[in-house]
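Q: the sequence and its predicted three-dimensional model are supplied below.
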Amino acid sequence: MIRIPALKVLAAAAGVCLLGALTAHAADDWPRKEITLINNYPPGSATELTARAIARSIEKTIGKPVIIKAVPGGAGQLGPAELARSAPDGYTIGLVGSSSYLTAPHMMDLPFDPWKSFDLIAQAAELRYGVGVRKDSPIKSVQDIVDQSKKKRLTYSSTSPNNVLPLFQMAKLNGANLRWVTFAGGAESVLQAVGGHVDLTLQSATEMKPQIDAGNLRLLASTSPERWPDYPDVKTLRELGFDYISFGPMGYAFPKGVDPKVRDKMEKAFEIALKDPEVQDQLKKLGVAPSYRTGAEFYDHMKKMEPLFIQILTEAGMKTR
């Protein structure tokens, strides 16, 4: 029989107790330094501007700066990948949403499992999407996309697999001949259409609105469930007879394993921010719909949506995983 000296056992036990006490103290003392917020798209994107509006309010609540770190690329999945690799010490949070949970995992190999890699903090908003063309484009309607693409393949720009679901469905179910050209940033994606380098763009209201208002881009349809408030006369795809839709719930998470006390404190800070009328007004001006859910509610919401996304991806021929 191997005997372990009693003093060693006591020392080990004391070490465990000390580690637990230090961890508890760290959670009680959080935050002691700035927070890094990983955003999956470049500066000026809808998600980056949304993050900045929310971060300003969170800073007031937690008393420390929130630094936005842009990690664009990989169809919006490099950011979540970096978040998943980060230490769960409470000082790194990141953007997650329907793209990283519901579309990309079924389309490409990812170095993370969203359901196991993150501790969700909150849902913050719903992004509004639409399809647009340059001002002098011969494409005058959504039906023109189908008809003209059957004569010549049309290209469209976008940043995320989540945005482009409607056009994949259109290609599969209506016989449209379309090719997706992906870009790291939404503003760049829109400018490709404005400059005539692609035939269409499918982006968020935040990135399309400046070009629409300048007369450089025409909005053909909202691909969200509802019309855009800024352009109430422009119908949704569904209203035009195309039962296709883009969902854009977005929120924030810690890497998996963060102390629950820290997660709860950050969730409260997000709740305060997202219920602040000033923050809500800022998001609305960006063309973003404020939509607060707790971390647990956000998780349940996406779990309920997953079967629908799998069905859409399968019908559109996008599901490869």
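A: Everything's here; your move.
Q: make it CA atoms for all contacts and neighbour counts henceforth
A: Will do.
Q: in this structure, which spans are helices?
A: Along the chain, the stretches classed as helices by DSSP state H are 6-28, 46-62, 78-85, 98, 114-117, 142-149, 165-174, 186-194, 205-213, 260-274, 277-285, 295-315.
Q: mean confidence for the longest one?
A: Helix 6-28 shows an average pLDDT of 53 in the prediction.
Q: ok, the third one next?
A: The average of the pLDDT scores along helix 78-85 is 97.
Q: give the other helices and strands that that helix contacts.
A: Helices and strands touching helix 78-85, by 3 or more CA pairs under 8 Å, 6 or more residues apart in numbering; DSSP states H and E, are strand 35-39, strand 92-97, strand 249-255.
Q: that helix vs strand 92-97, what angle?
A: Helix 78-85 and strand 92-97 are oriented at 130 degrees to each other (axes from the mean of the first three to the mean of the last three CA atoms, to 10 degrees).
Q: other residues contacting helix 78-85?
A: Here helix 78-85 makes contact (CA atoms under 8 Å, 6 or more residues apart in numbering) with 38-40, 70-73, 92-96, 100, 110-112, 117-118, 254-256.
Q: quick check: buried residues in that helix?
A: 78, 79, 80, 81, 82, 83, 84 (16 or more other CA atoms under 10 Å).
Q: now the fifth one
A: Burial within helix 114-117, assessed by neighbour count using 16+ other CA under 10 Å, is assigned to 114, 117.
Q: how is the chain carved up into domains?
A: 35-127+247-315, 129-222 (automatic domain parsing).
Q: for the protein, name the helix or strand with the lowest mean pLDDT.
A: When the helices and strands of the chain are scored by mean pLDDT, DSSP states H and E, helix 6-28 comes last with a mean of 53.
Q: and residue 320, how close does it get to residue 282?
A: From residue 320 across to residue 282, the span is 38 Å (CA to CA, to the nearest Å).
Q: any weak-confidence spans in the protein?
A: For the chain, applying pLDDT under 70 flags the ranges 1-25.
Q: kindly recompute the last result at 80.
A: Applying pLDDT under 80 to the chain flags the ranges 1-26, 247, 316.
Q: ends of stretch 134-143, how far apart?
A: Using CA to CA, the two ends of stretch 134-143 sit 16 Å apart.
Q: one more: stretch 123-134?
A: 33 Å.
Q: likewise stretch 265-284?
A: 26 Å.
Q: who's in contact with it?
A: Under the criterion CA under 8 Å, 6+ apart, residues 50, 53-54, 57-58, 61-62, 121-122, 124, 289-292, 294-295 lie in contact with stretch 265-284.
Q: next: stretch 107-119.
A: In this structure, residues lying in contact with stretch 107-119 by CA under 8 Å, 6+ apart are 77, 81, 84, 100-101, 104-105, 253-258, 263, 295, 318-321.
Q: same thing but 6 Å
A: 84, 101, 253, 254, 255, 256, 319, 320, 321 (CA atoms under 6 Å, 6 or more residues apart in numbering).
Q: which of the residues in stretch 300-318 are buried?
A: Using 16+ other CA under 10 Å as the test for burial, stretch 300-318 gives 302, 306, 309, 310, 312, 313, 316, 318.
Q: what's the offset of that stretch from the middle of its chain?
A: Distance, stretch centre to chain centre, for stretch 300-318: 16 Å (CA atoms, centre = their mean, to the nearest Å).
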